[in-house]
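Colleague: No sequence on hand, only this structure:
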């Protein structure tokens, strides 16, 4: 990605410019959601059930039929699964998901690809445990539908956002480098825009908190941006035809003007108003579907994805570097032992075919001795493999725990890239833990990835 060719940079707001304190947000969302579930007729005991805000991560898959939560690798192999907070055994996983092709795009499954949705998974897992304890049939699909609806209602009726606005420092981290980044991009001649699904009132409060008083040159947060579009209804913004509505005048228009505040709108009209197209535009967001994938598929905008989890992931990689090196050496040693084992097995087969020759005569004793030696070598190599596998399994389990107590790394599933990591590789031009990290680079920087190697080149 060449920033010198980027003429306009756009930003989502929630979880992109506004970095929420996840545990606090999840706690408020869970309490509001559970309250509404009880109002719908679910047992009162849900109000006192034990939930864990640290249970879910992004990139999970909800099985609405069986009530399970899954993590897959890029090949859709289910590496880890939980029913409630009980981890499924390998045999249970194989029986449920490895005897037929898993189809995530069907109504049975639901992707968890935003930080916004983590609280829904925390409620679901806890509710599955709680309702299963009654020994009565549970409609896991309906349960998840109700949880999602109650969570959405909680965001719409103020059960969550009113608490956030009433105590912004508790729920949102104010990044002192954010104003520096935006000023740096503007000074390089790039147009900036804000494109968010949040309403205009909430956007005004949040952006004032994030940028108010950051730099003397900007008396208001609005001065940082050439265009501001709120309540944009992404991802339909990228495919629909809705007009813009000027917040101050209430008039609808097909052309967004600089310095005005709008709701609604659509991609085609906005791009025409912006004056730049295709790879001249970089859009920064946190939502793999609503921000990154749609922007990538419906346009040729460049994309950058904000992944807050990266800070923790990089910390684990640094702190456990020696263990990762040991795991890699064990894998290499295992490959070498396997090669030796296959060679010994091939030699044993040749010896056994020779022993089947009725004309061996006096040479038979010599060939019998060779067979004994090959069998001993095979037993020794199998023992080595068992020891290597045991050490590597123990080490990899410990490393997974260092990343996350339930799921391991958000980017990996075992030794493979996770389904979430695979989506990032496919659709995000670049990715980082927060938008202000871009301030460490020149606005003309050329981001170049390492040379990709296919398996036969390794």
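Modeller: Perfect, thanks for sending it. Since this is a predicted model, take the numbers as computed values, not measurements.
Colleague: so how far is stretch 184-203 from its chain's centroid?
Modeller: Computed by Cα atoms, centre = their mean, to the nearest Å, the chain-centroid distance of stretch 184-203 equals 24 Å.
Colleague: ugh, wrong one, I meant stretch 200-210
Modeller: 26 Å.
Colleague: what does that stretch contact?
Modeller: Residues outside stretch 200-210 that contact it (Cβ atoms under 8 Å, 6 or more residues apart in numbering) are 13-14, 17-18, 161, 165, 168, 172, 174-175, 178, 194, 196, 198, 220-222, 228, 230-231, 247, 261, 263. Bear in mind the C-beta positions are built from the backbone N, C-alpha and C, glycine included.
Colleague: just the strands in the stretch 51-200 of the chain please.
Modeller: Using DSSP state E, counting those that start in this stretch, the strands assigned to the stretch 51-200 of the chain run over residues 60-63, 68-72, 78-83, 86-87, 109-112, 172-173, 191-195.
Colleague: so can I have JSON lines of those showing distance to residue 305?
Modeller: As requested, the strands of the stretch 51-200 of the chain are arranged in JSON lines below (distance: least, Cβ to Cβ, whole Å):
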{"stretch": "strand 60-63", "distance to residue 305": "17"}
{"stretch": "strand 68-72", "distance to residue 305": "19"}
{"stretch": "strand 78-83", "distance to residue 305": "23"}
{"stretch": "strand 86-87", "distance to residue 305": "29"}
{"stretch": "strand 109-112", "distance to residue 305": "15"}
{"stretch": "strand 172-173", "distance to residue 305": "18"}
{"stretch": "strand 191-195", "distance to residue 305": "15"}
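Colleague: Let me know which of those strands is the nearest to residue 134.
Modeller: Closest of the strands of the stretch 51-200 of the chain to residue 134 is strand 78-83, at 15.1 Å (criterion: Cβ to Cβ).
Colleague: From the contact counts, what lies against that closest one?
Modeller: Strand 78-83 sits against strand 68-72, helix 90-97, helix 118-132, with contacts defined as 3 or more Cβ pairs under 8 Å, 6 or more residues apart in numbering; DSSP states H and E.
Colleague: now this protein, which segments are flagged as low pLDDT?
Modeller: 289-298, 358-361 (pLDDT under 70).
Colleague: hmm, back to that, could you dump the helices and strands packed on strand 78-83 into CSV and include mean neighbour count and distance to residue 410?
Modeller: Listed next are the helices and strands packed on strand 78-83 as CSV, based on neighbours: other Cβ atoms under 10 Å; distance: least, Cβ to Cβ, whole Å:
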stretch, mean neighbour count, distance to residue 410
strand 68-72, 24, 9
helix 90-97, 14, 20
helix 118-132, 23, 11
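Colleague: ok so, going back, narrow the contacts of stretch 200-210 to those that are buried.
Modeller: Among the contacts of stretch 200-210, those buried by neighbour count (16 or more other Cβ atoms under 10 Å) are 13-14, 17-18, 161, 165, 168, 172, 175, 178, 194, 196, 198, 221-222, 228, 230-231, 247, 261, 263.
Colleague: Where do the helices of the stretch 351-458 of the chain begin and end?
Modeller: Applying DSSP state H, counting those that start in this stretch to the stretch 351-458 of the chain gives helices spanning 364-403, 419-427.
Colleague: wait, doesn't residue 355 sit right on residue 369?
Modeller: No. Using Cβ atoms under 8 Å, residue 355 is not in contact with residue 369; the gap is 11.0 Å.
Colleague: in stretch 202-219, what counts as buried?
Modeller: 202-204, 206-207, 210-211, 214, 218.
Colleague: Spell out, range by range, the helices that occur in the stretch 151-300 of the chain.
Modeller: Assigned helices in the stretch 151-300 of the chain, in chain order: 161-166, 168-171, 178-187, 200-211, 267-274, 294-298 (criterion: DSSP H, counting those that start in this stretch).
Colleague: coming back round to it: just put the helices and strands packed on strand 78-83 in TSV and tack on distance to residue 80.
Modeller: Below are the helices and strands packed on strand 78-83 laid out as TSV (distance: least, Cβ to Cβ, whole Å):
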stretch	distance to residue 80
strand 68-72	4
helix 90-97	8
helix 118-132	13
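Colleague: what's the closest of those to residue 184?
Modeller: Closest to residue 184 of the helices and strands packed on strand 78-83 is helix 118-132 (Cβ to Cβ; 31.9 Å).
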